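A.B. asks: below: sequence and its predicted model.
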Amino acid sequence: MTQQKVEPAAPAAAPAPPRCAALPSGGTFTITNARVPTGCIQGELPGSVPVCVDNLAHLDIEVVDARITALHPAGHAAAAGRRGRSQGAAVDLKGKMVLPCFADLHTHIDKGHTTERSRNPNGSLSGADRSTARDAAFWDEQDVYRRMDFSLRCAYAHGTSALRTHLINMTPKQTQLTWPAFARLRKKWAGKVELQGVSLVVLSFFRDEAAAAALADLVAAHGGILGAAVCCAEKGGDPSDDWTTCEEDRDELLDRIFRLAKERDLDLDFHTDENGNELARGLRYVAQKAEQWGYQGRVVCGHCCSLAFQPPEELAITLEAVRRAGVTVVSLPLVNQWTQDRSHEGGRTPRWRGITLLHELRQAGIPTAISSDNVRDQFYAYGDLDMLEVFTQSCRMAHLDRPYGDWPQAVTSIPADAMHLPEHGRIGVGLPADFVIFRGRRYSELLSRPQYDRVVVRAGVPLDCTPPSYEELDYVPSAIKTGGARQPRVGCSAALGACAVRINQAATTTP
């Protein structure tokens, strides 16, 4: 008797980790005894809502059909239910914190997850520029799309609902690859992550009027944002920097950028002053142009590190110009503390933290956001597009506690406003039920552990997803398989590349 062959069973999927709260899968429900930062709440709070010293309101939140329908003082939702309002299931959070979904205003997902194959040898800003240029040899349509999609899956699982990415456009190849990938991903992620794209070139690029106009047309065709790097190199602000400072024709180049944007009704997003040079005043120059061109409320400037080195009288002039122009400043603490004041030779401890003047900006009435910036690339070897991690580390580096005040807005409503997304980054009656529940009940708990068991709720439905595995990135770019680029010389990645080349060669020579 012939015994039937039995195929081995597929390995069972790893069980999802337990979450900090068990919510119904949509419909009508109420979460009770939640703590929500008051700055993240839209509209007036009921007068009897308890608020603690850290500005956390103790609330019950009603959700009906994907939207928030009521906010009550903690423990009062049941009374509303007895008066005839249908509330569905009630889930007692026992004081757990709830934040609106995050808005990540400044990222670079086109470059993400390339750190191992094109390593920055010394961690410096100029080293990052050189190794990023080397990595371009590995870029193809599939590579760019897969890495960008991987990044969005990370952000989505961590609780981000809106993300703006800069797309490096320094070469025709980069431009031809990034914008089509962006268009495909924006369509794929619609309703999950609101995706925005910014063209990234240096200021000197705009000397070529035809190329500048062509780039602006491409950006407009994709519904994007026009961008440039101003006073942003390691020597940014020095007259010798003819790449991003452009001392002799800076005024003309900035006018050209604003003219191109205004003709096409484009917002603007600049990299400015990513260094510790007192003479780097790109933020001021951009703000002055924004006011001249009537572009208030439509300009974002990122990094702005050199503010920390401006004398008090110069700082006052810059802050006033930025306030009048309605420029939003976005700080990138994780990346800037990694690259700024770094010795190219090693063996020297940095003397400053690399971040901009967050407190002074807020005190001057300037909208100030905090964002991820680079993730696992040449400018920052770490990160996961987890805005809670970004906020946690920012609190530590910039002393955003004592009091915490409204600093949670820097990762929620303030960046959402800069992105013109009024329903993102807030919790309020009538808004989508998009929020994140954390096990931490106070900031001292929230910011002490990674909160991996958070519950991300989108349109009233808890997500059943986790960040993707890094093993998904173990593919080998076509340029290596075909011999069009050298294999990376970094341990495991090099071995993977060599293995893939041998497999590819075997496949093409086997009859």
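C.D. replies: That came through fine. Residues are numbered from 1 along each chain as shown.
A.B. asks: the strands in the stretch 251-400 of the chain, which residues?
C.D. replies: Residue ranges of the strands in the stretch 251-400 of the chain, as given by DSSP state E, counting those that start in this stretch, are 268-272, 299-303, 328-331, 368-370.
A.B. asks: any chance of these in JSON lines, plus mean neighbour count?
C.D. replies: For glycine as for every other residue, the C-beta is placed from the backbone atoms N, C-alpha and C. Output for these, formatted as JSON lines (neighbours: other CB atoms under 10 Å):
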{"stretch": "strand 268-272", "mean neighbour count": "28"}
{"stretch": "strand 299-303", "mean neighbour count": "28"}
{"stretch": "strand 328-331", "mean neighbour count": "27"}
{"stretch": "strand 368-370", "mean neighbour count": "28"}
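A.B. asks: please produce a markdown table containing these, extended by distance to Thr132 and mean pLDDT.
C.D. replies: Compiled in a markdown table, those are given as follows (distance: least, CB to CB, whole Å; pLDDT from 0 to 100):
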| stretch | distance to Thr132 | mean pLDDT |
| --- | --- | --- |
| strand 268-272 | 14 | 98 |
| strand 299-303 | 16 | 98 |
| strand 328-331 | 20 | 98 |
| strand 368-370 | 23 | 98 |
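A.B. asks: between those strands, which one is nearest to Met97?
C.D. replies: Closest of those to Met97 is strand 368-370, at 17.7 Å (criterion: CB to CB).
A.B. asks: as CSV, the strands of the stretch 251-400 of the chain with distance to Gly127 would be great.
C.D. replies: Formatted as CSV, the strands of the stretch 251-400 of the chain follow (distance: least, CB to CB, whole Å):
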stretch, distance to Gly127
strand 268-272, 17
strand 299-303, 17
strand 328-331, 22
strand 368-370, 25
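A.B. asks: and the ones you listed: which comes nearest Leu93?
C.D. replies: Closest of the strands of the stretch 251-400 of the chain to Leu93 is strand 368-370, at 25.6 Å (criterion: CB to CB).
A.B. asks: strands paired with that closest one, and their directions?
C.D. replies: Neighbouring strands of strand 368-370 in its sheet, by DSSP bridges, are strand 328-331 (parallel).
A.B. asks: who touches the partner strand?
C.D. replies: Residues outside strand 328-331 that contact it (CB atoms under 8 Å, 6 or more residues apart in numbering): 105-106, 283, 299-304, 322, 355-356, 358, 361, 366-371, 394, 398, 414-415, 417-418.
A.B. asks: so which bits of stretch 231-245 are buried?
C.D. replies: 231-238, 241-245 (16 or more other CB atoms under 10 Å).
A.B. asks: name the nearest of the residues you listed relative to Ala70.
C.D. replies: Nearest to Ala70 among these, with distances taken as CB to CB, is Cys232, at 47.0 Å.
A.B. asks: OK, contacts around that closest one?
C.D. replies: Residues in contact with Cys232 (CB under 8 Å, 6+ apart) are Val202, Thr244, His271, Thr272, Asp273, Glu274, Asn275, Ala280, Gly282, His303.
A.B. asks: tell me the spacing between Leu361 and Arg323.
C.D. replies: Note on Leu361: its distance to Arg323, by CB to CB, to the nearest Å, is 9 Å.
A.B. asks: and those two? which has more neighbours close in?
C.D. replies: Leu361 (22 against 15; other CB atoms under 10 Å).
A.B. asks: residues in contact with the nearest residue to that one once chain neighbours are set aside?
C.D. replies: Using CB to CB, 6 or more residues apart in numbering and skipping the chain neighbours, the partner closest in space to Leu361 is Thr368 (4.5 Å). Thr368 is in contact with Thr328, Val329, Val330, Ser331, Leu358, Leu361, Arg362, Ala410, Ile414, counting by CB under 8 Å, 6+ apart.
A.B. asks: looking at the residues you listed, which is nearest Leu152?
C.D. replies: Using CB to CB, Val330 comes nearest to Leu152 of the contacts of Thr368, at 19.1 Å.
A.B. asks: and the gap between the closest one and Thr318?
C.D. replies: As judged by CB to CB, Val330 and Thr318 stand 16 Å apart.
A.B. asks: point to the residue nearest the middle of this protein.
C.D. replies: The centre of the chain sits closest to Asp104, judged by CA atoms, centre = their mean, with a distance of 3.4 Å.
A.B. asks: I figured that one was touching Ile414, is that so?
C.D. replies: No - if you go by CB atoms under 8 Å, Asp104 and Ile414 don't touch, sitting 11.9 Å apart.
A.B. asks: specify the beta-bridge partners of the nearest residue to Pro408 once chain neighbours are set aside.
C.D. replies: Sequence neighbours aside, Pro37 is the residue nearest to Pro408 in space, at 4.3 Å (criterion: CB to CB, 6+ apart). Following DSSP bridges, Pro37 is listed with bridge partners Leu56.
A.B. asks: what is the burial count for Pro37?
C.D. replies: 24.
A.B. asks: pull the contacting residues for it.
C.D. replies: Asn55, Leu56, Ala57, Met97, Leu99, Tyr404, Asp406, Pro408, Gln409.
A.B. asks: can I get these in TSV with neighbour count, pLDDT and distance to Arg426?
C.D. replies: Below are those laid out as TSV (neighbours: other CB atoms under 10 Å; pLDDT from 0 to 100; distance: CB to CB, whole Å):
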residue	neighbour count	pLDDT	distance to Arg426
Asn55	18	95	15
Leu56	24	97	16
Ala57	23	97	13
Met97	24	98	16
Leu99	24	98	10
Tyr404	19	95	18
Asp406	16	95	12
Pro408	28	98	11
Gln409	24	98	9
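A.B. asks: how close does the residue nearest to Leu361 sit to Pro311?
C.D. replies: In terms of CB to CB, Thr368 sits 21 Å off from Pro311.
A.B. asks: quick one: which helix or strand includes Ala155?
C.D. replies: helix 141-158 (DSSP states H and E).
A.B. asks: show me what that helix is packed against.
C.D. replies: Counting contacts by 3 or more CB pairs under 8 Å, 6 or more residues apart in numbering; DSSP states H and E, helix 141-158 is packed against strand 102-107, strand 160-168, helix 172-188, helix 387-398, strand 455-458.
A.B. asks: deepest-packed of the ones you listed, please.
C.D. replies: Ranked by mean neighbour count under mean count of other CB atoms under 10 Å, the helices and strands packed on helix 141-158 are led by strand 102-107, which reaches a mean of 28.
A.B. asks: which elements pack onto it?
C.D. replies: helix 141-158, strand 160-168, strand 299-303, strand 328-331, strand 368-370, helix 387-398, helix 413-418.
A.B. asks: and the angle from that strand to strand 268-272?
C.D. replies: Taking axes from the mean of the first three to the mean of the last three CA atoms, to 10 degrees, one finds strand 102-107 and strand 268-272 inclined to each other by 60 degrees.
A.B. asks: return the distance of strand 102-107 from the chain's centre.
C.D. replies: 3 Å (CA atoms, centre = their mean, to the nearest Å).
A.B. asks: Leu195 in helix, strand or coil?
C.D. replies: Using DSSP: H, G, I helix; E, B strand; the rest coil, the structure places Leu195 in strand.
A.B. asks: now it: closest residue in space, sequence neighbours ignored.
C.D. replies: Distance criterion CB to CB, 6+ apart; nearest residue to Leu195, sequence neighbours excluded, is Arg186 at 4.4 Å.
A.B. asks: quick one: the one you found from Gly224, how far?
C.D. replies: 10 Å.
A.B. asks: many thanks, we can stop here.
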